[in-house]
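1. fold the following, please.
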Amino acid sequence: MTTILGAGAFGTALAVALSGTGPVTLWGRRLPEARETTRLPGVTLPEAVRLTDDLAAALTGAERVIIALPAQALRGFLALHGDDLDGRWLINTAKGIDLETGESPSTLILRACPKARVAALTGPSFAADIARGQPTALTLASTAPGLEGLQHALSTPVLRLYRSDDLRGAELGGALKNVIAIAAGVAIGAGYGDSARAAVITRGFAEMVRLATRLGARPETLSGLSGLGDLVLTSTSALSRNFRYGKSLGEGVPFDSGVTVEGAATARATSVLARDKGIAMPIANAVAALAQGSASVAQTMETLMTRPLKEE
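-> The predicted structure follows:
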């Protein structure tokens, strides 16, 4: 049985997608009424999905637990419920770096649940596409034994999972691309155009690879679904919350505070990591400054455009 923790858009979409593969339980503090949610307009949860706000009931008999919680909420949730989660497959979907500790989701999970087998489910996807049965390819990454079996258990005819043993690379690709997507949104919102956005994506990808490989990721992982694939989608679509947030920054208009933007906190965590490792990441630093309100768009773009000319 598969249990999904988190009834936000992505957790709900996965529940819909996996409802035809076997028993699925969706846990959340605020569950959709009448099996419909405003987060996914027009999507109805199948009767095969069991809904509960009782965590103990949700975990009873669960062989696989998909944790679909925001990255910055994960550490606190694990502190409260780590013992209940331990000893199972725990599949994280959050794309971020913990702001306080600078650690990846898998590191946080393994510290709280040392007997668990941990995986990351990441890659280019929007919840609405998954819920509506649109073809989607994702990366399922883990260093634990039994990954192939998990891959088959969570794949469907239209949700195709490709396995990888580069857990670090898959997680960092998913986290860092959100930072660059914000920068891409800033370029569009400030009126710099598509050419500027293309430059941001290209140079931002180089930053992603520099930091991720220094932290132990394989470069080919960053060139795959969980890195470049996710970066392109998130930086070019108005469905991306990180892109929309960056566009709002560029336009100088308020952004909906009720929408989770993983890249804002991740930019701050990334800036600290890059400084500690002595890695140049001007785009990530710029996003961190913008997100904290310590620099204007004009100041930020001037800083980026006046960097020294060098060989690419």
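2. shaky segments in the chain?
-> 305-312 (pLDDT under 70).
3. can I see the domain layout of it?
-> Domain ranges of the chain: 2-165, 168-306, per the TED database.
4. highest mean neighbour count out of these?
-> Highest mean neighbour count of the domains of the chain: domain 168-306, a mean of 20 (counted as mean count of other Cβ atoms under 10 Å). Where C-beta positions appear, they are placed from N, C-alpha and C, glycine not excepted.
5. what sits against the residue positioned nearest the centre of the chain?
-> What sits nearest the mean C-alpha location of the chain, by Cα atoms, centre = their mean, is K95, with 2.3 Å. K95 sits next to A71, T122, E171, G174, A175, K177, N178, D230, E262, T266 when contact means Cβ atoms under 8 Å, 6 or more residues apart in numbering.
6. tell me which element the fifth one is part of?
-> Taking DSSP states H and E as the criterion, the element that holds A175 is helix 167-189.
7. which SSE is immediately downstream of that helix?
-> Downstream of helix 167-189, the next assigned helix or strand under DSSP H and E is helix 194-214.
8. convert that next one to CSV, retaining C-alpha atoms only.
-> Coordinates of each C-alpha in helix 194-214 appear next as CSV, following Å, rounded to 0.1, in the frame of the first residue of the first chain:
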residue,chain,number,x,y,z
ASP,A,194,13.5,36.1,-23.9
SER,A,195,17.1,36.5,-24.9
ALA,A,196,18.0,37.6,-21.4
ARG,A,197,16.0,34.7,-19.9
ALA,A,198,17.9,32.2,-22.1
ALA,A,199,21.2,33.7,-20.9
VAL,A,200,20.0,33.3,-17.2
ILE,A,201,19.0,29.7,-17.8
THR,A,202,22.3,28.8,-19.5
ARG,A,203,24.6,30.6,-16.9
GLY,A,204,22.3,29.4,-14.1
PHE,A,205,22.7,25.8,-15.2
ALA,A,206,26.5,26.2,-15.1
GLU,A,207,26.1,27.4,-11.5
MET,A,208,24.0,24.4,-10.7
VAL,A,209,26.6,22.0,-12.0
ARG,A,210,29.4,23.8,-10.2
LEU,A,211,27.8,23.5,-6.8
ALA,A,212,26.2,20.1,-7.2
THR,A,213,29.4,18.4,-8.4
ARG,A,214,31.4,20.0,-5.6
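9. how far off centre is that helix?
-> Mean C-alpha position of helix 194-214 versus that of the full chain (Cα atoms, centre = their mean, to the nearest Å) differs by 17 Å.
10. what sits up against the next helix or strand after that helix?
-> With elements assigned by DSSP H and E, the helix or strand that comes after helix 194-214 is helix 219-222. The contact list for helix 219-222, computed with Cβ under 8 Å, 6+ apart, reads 141, 164, 166, 169-170, 172-173, 205, 208-209, 212-213, 227-228.
11. show me the strands in the stretch 51-200 of the chain, by range?
-> 64-67, 89-92, 117-122, 136-141, 159-164 (DSSP state E, counting those that start in this stretch).
12. and A57, which of these is closest to it?
-> A57 lies closest, by Cβ to Cβ, to one member of the strands of the stretch 51-200 of the chain: strand 64-67, at 13.2 Å.
13. tell me the strands beside that closest one, with direction?
-> Applying DSSP bridges, strand 64-67 is found paired with strand 2-5 (parallel), strand 89-92 (parallel).
14. send the alpha carbons of the helix or strand just after the first one over as PDB?
-> Along the chain past strand 2-5, the next helix or strand (assigned with DSSP H and E) turns out to be helix 9-18. The C-alpha atoms that make up helix 9-18 are tabulated as PDB, following Å, rounded to 0.1, in the frame of the first residue of the first chain:
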ATOM      1  CA  ALA A   9      -1.500  20.000  -5.300                       C
ATOM      2  CA  PHE A  10       1.400  17.600  -5.900                       C
ATOM      3  CA  GLY A  11       0.400  15.100  -3.300                       C
ATOM      4  CA  THR A  12      -3.200  15.100  -4.500                       C
ATOM      5  CA  ALA A  13      -2.100  14.700  -8.100                       C
ATOM      6  CA  LEU A  14       0.100  11.700  -7.200                       C
ATOM      7  CA  ALA A  15      -2.900  10.100  -5.400                       C
ATOM      8  CA  VAL A  16      -5.000  10.400  -8.500                       C
ATOM      9  CA  ALA A  17      -2.200   9.000 -10.700                       C
ATOM     10  CA  LEU A  18      -1.400   6.100  -8.500                       C
END
